[in-house]
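Student: Below: sequence and its predicted model.
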Amino acid sequence: NAGVTQTPKFQVLKTGQSMTLQCAQDMNHNSMYWYRQDPGMGLRLIYYSASEGTTDKGEVPNGYNVSRLNKREFSLRLESAAPSQTSVYFCASLWGQYEQYFGPGTRLTVT
Amino acid sequence: SQQGEEDPQALSIQEGENATMNCSYKTSINNLQWYRQNSGRGLVHLILIRSNEREKHSGRLRVTLDTSKKSSSLLITASRAADTASYFCAGTGNQFYFGTGTSLTVIP
């Protein structure tokens, strides 16, 4: 089992550029999540998907879109990147009701 | 808005000592979890305590929960250098709400 995988690991964008962060899990989990982590802020939920075909906003959804392509994959898109979106992005999937499994993260810098 | 806060923000101890971290949260929760994050890595689930439990043990970890004070504590006994990491509490209601984390350094 690879668990939760994320691509890319690092990315540098210029303001206004777009990109998609990819996430996949091979544990047959229903729920998947996207978080961002900023210094001193902990993790903040951007979007989540309780099951294939459904997505819901979290605490900080502005500037992002998501797609739950199938049960395995949950992508996060930045349509027009801004410096405020410089962060480390984590994808997670949920085992059972409570235990989240996290990917290794994508470190994004927007200049 | 951040739903949880850990205290202290940073903690440095000698190997073999105990480390205690506290977490306070704002909303009602169904359970509270603690996660560990090694530098540059994703979070790893450590332990869960349900809202009707007051204390739980797992190996060298001891977690307490006081729902009346909306607070929890994580105790790591007999710390090791490998315990050096950031520790986050996460309350689960409709969503997961993570705290700001405690950075623990264990000096060999």
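Tutor: Arrived safely, thanks for sending. Numbers count the residues shown, from 1 in each chain, chains lettered A, B, ... in the order given.
Student: B:Ile13 touches B:Thr105, doesn't it?
Tutor: Yes: with contact defined as CB atoms under 8 Å, B:Ile13 reaches B:Thr105; the gap is 7.5 Å. Backbone N, C-alpha and C define where each C-beta goes, glycine included.
Student: Compare the two (neighbour count), which wins?
Tutor: The residue with more neighbours, out of B:Ile13 and B:Thr105, is B:Ile13; 17 against 14, by other CB atoms under 10 Å in any protein chain shown.
Student: and the more buried one, what is it in contact with?
Tutor: By CB atoms under 8 Å, 6 or more residues apart in numbering or on different chains, the contact set of B:Ile13 is B:Ala19, B:Ser79, B:Leu104, B:Thr105, B:Val106, B:Ile107.
Student: Surely it is within a helix?
Tutor: No: secondary structure of B:Ile13 (DSSP: H, G, I helix; E, B strand; the rest coil): strand, not part of a helix.
Student: distance of it from B:Ile107?
Tutor: Using CB to CB, to the nearest Å, B:Ile13 is found at 7 Å from B:Ile107.
Student: give me the number of residues near the residue of chain B found nearest chain A?
Tutor: Nearest residue of chain B to chain A (CB to the nearest CB) works out as B:Gly42 at 3.2 Å. Each residue near B:Gly42 was counted by other CB under 10 Å, and the total is 22.
Student: is it true that it touches A:Gly105?
Tutor: Yes: B:Gly42 is within contact range of A:Gly105, at 5.7 Å (criterion: CB under 8 Å).
Student: Within range of chain A, give me the residues from chain B.
Tutor: For chain B, the residues in contact with chain A (CB under 8 Å from any CB of the partner chain) are B:1-2, B:4, B:9, B:31, B:33, B:35, B:40-45, B:48, B:88, B:90, B:92, B:95-101.
Student: Quickly list what B:Tyr87 is bridged to.
Tutor: B:Tyr87 forms beta bridges with B:Arg36, B:Thr102, as assigned by DSSP bridges.
Student: Over to A:Thr7?
Tutor: Beta-bridge partners recorded for A:Thr7 (DSSP bridges): A:Gln22.
Student: how much space between the residue nearest to A:Tyr89 when sequence neighbours are not counted and A:Leu13?
Tutor: Distance criterion CB to CB, 6 or more residues apart in numbering or on different chains; nearest residue to A:Tyr89, sequence neighbours excluded, is A:Thr106 at 4.6 Å. Taking CB to CB as the measure, A:Thr106 falls 11 Å from A:Leu13.
Student: now swap in A:Thr5 and tell me
Tutor: Distance from A:Thr5 to A:Leu13, by CB to CB: 21 Å.
Student: out of these two, which sits in the busier spot?
Tutor: Neighbours per residue (other CB under 10 Å) separate A:Thr5 from A:Leu13, with A:Leu13 holding more: 19 against 15.
Student: quick one: contacts for the more buried one?
Tutor: A:Met19, A:Leu78, A:Ala81, A:Leu108, A:Thr109, A:Val110, A:Thr111.
Student: Narrow these to those in strands?
Tutor: If you go by DSSP state E, the contacts of A:Leu13 have A:Met19, A:Leu78, A:Leu108, A:Thr109, A:Val110 in strands.
Student: Buried by neighbour count, from those: which ones?
Tutor: The neighbour-count test (16 or more other CB atoms under 10 Å in any protein chain shown) marks A:Leu78, A:Leu108, A:Val110 as buried among the ones in strands among the contacts of A:Leu13.
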